[in-house]
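> coordinates for the following, if possible.
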Amino acid sequence: MTSTVLGPTLLVVCAVLALLAALVYRLADLGPWWVVPSASVRAAVQLAAVAVVLTAAMARLWSSLLILLVMFSVAAATAARRSRAARGSWWLAAPIALGLASVLPLLLVTDLVPLTGVALVPITGILLGGTMTAVSLAARRALDALGTGVGEVEAALSLGFLEREARLLVIRESAPDALLPSVDQARTAGLVTLPGAFVGVLLSTGSAAQAGAVQVLVLVGLLLAQSCAVAVTIELVAHGRLVRPDPARRG
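Numbering: from 1, shown residues only. Sure, this is the predicted structure:
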């Protein structure tokens, strides 16, 4: 099936889809019409480059680990930027690393994921991407909650609460929001959506049972990785490791 997909037809269909999306942008005034075409071209170039690099890198374990190190660095930098923290955003590398560490060792020890680049890079990439998103969302929501709940924190401090406890009273309710996309994906898998790992195994001539087993493994692993990462992220904000400037103190 892969040989059938790759070809001129793919280019034509992608171009038509991008142009139709641009037309919708234009008619509905959703923004500049060139957003989708430019994003599509960028995605194609980036994925083509990544495909070439990964094909060579995944042939050896050491080069696969190097690729994973680069991926982790980009994920940590992206989470730091999305958190909009003024100080301490580099701490977000810790919950991302913990999220991976809570899942990967068990997968490797049980040999569910062989210690080869071909298996390790895709699985780690899925876990890394989901964990990065959860961490950045948890940090941003927690910092937003602190920004709007200054009075509540000060009231808790006046009642004798420690700073960590006072902040947690305000930010704890924001934590589940960061996990909601992953939880919903797990709940609706197979009913509303067919996740990427499932489709990938099917397209690689695997059976439906194999595809389902791989997808369950990925979904459950994501839930654990993201839960651990979000828990640590909330603690980092509660301990004041990540902060935003106080608007009242500017100028």
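> so how many other residues sit close to Leu236?
23 (other C-beta atoms under 10 Å). Quick note: C-beta positions are derived from backbone N, CA and C, even for glycine.
> you'd agree it is up against Ala93?
No. The pair Leu236 / Ala93 is not scored as a contact, 10.8 Å apart, by C-beta atoms under 8 Å.
> can you give me the helices for the stretch 101-250 of the chain?
Ranges of helices in the stretch 101-250 of the chain, per DSSP state H, counting those that start in this stretch, are 104-109, 117-148, 150-158, 163-171, 175-188, 196-203, 208-238.
> relative to helix 117-148, how tilted is the fourth one?
Pointing back at helix 163-171 there. 90 degrees (axes from the mean of the first three to the mean of the last three C-alpha atoms, to 10 degrees).
> rewinding a little: the helices of the stretch 101-250 of the chain: lowest mean pLDDT?
When the helices of the stretch 101-250 of the chain are compared by mean pLDDT, helix 196-203 comes last with a mean of 52.
> against Gln46, how distant is Met58?
Met58 sits 17 Å away from Gln46, going by C-beta to C-beta, to the nearest Å.
> that should have said Val237, apologies.
32 Å.
> Ile118 against Met58, yeah?
You called it Ile, but residue 118 is Val. Yes. Between Val118 and Met58 there is a contact under C-beta under 8 Å: 5.0 Å.
> picking that back up, out of Met58 and Gln46, which sits in the busier spot?
Set Met58 next to Gln46 and count neighbours by other C-beta under 10 Å: Met58 wins out with 18 against 10.
> nearest residue to the more buried one in space, ignoring adjacent ones along the chain?
Ranked by C-beta to C-beta, 6 or more residues apart in numbering and with sequence neighbours excluded, the top spatial neighbour of Met58 is Gly117, at 3.5 Å.
> who are the contact partners of that neighbour?
Ala57, Met58, Ala59, Arg60, Leu61, Ser63, Ser64, Ile67 (C-beta atoms under 8 Å, 6 or more residues apart in numbering).
> which of those count as buried?
By neighbour count, with 16 or more other C-beta atoms under 10 Å, those hold Ala57, Met58, Ser63, Ser64, Ile67 as buried.
> so which residues make contact with whichever helix or strand the third one is part of?
With elements delineated by DSSP states H and E, Ser63 resides in helix 61-83, which encompasses its position. The set of residues that contact helix 61-83 without belonging to it, under C-beta under 8 Å, 6+ apart, is 53-54, 56-58, 89-90, 92-93, 96-97, 100, 115-117, 120-121, 124-125, 128-129, 131-132, 135-137, 139-140, 143, 242.
> quick one: mean pLDDT for that helix?
The average pLDDT within helix 61-83 is 89.
> now the buried ones among the contacts of Gly117 as CSV including distance to Pro105?
Shown next, in CSV, are the buried ones among the contacts of Gly117 (distance: C-beta to C-beta, whole Å):
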residue, distance to Pro105
Ala57, 22
Met58, 20
Ser63, 21
Ser64, 17
Ile67, 19
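> done for today, thanks.
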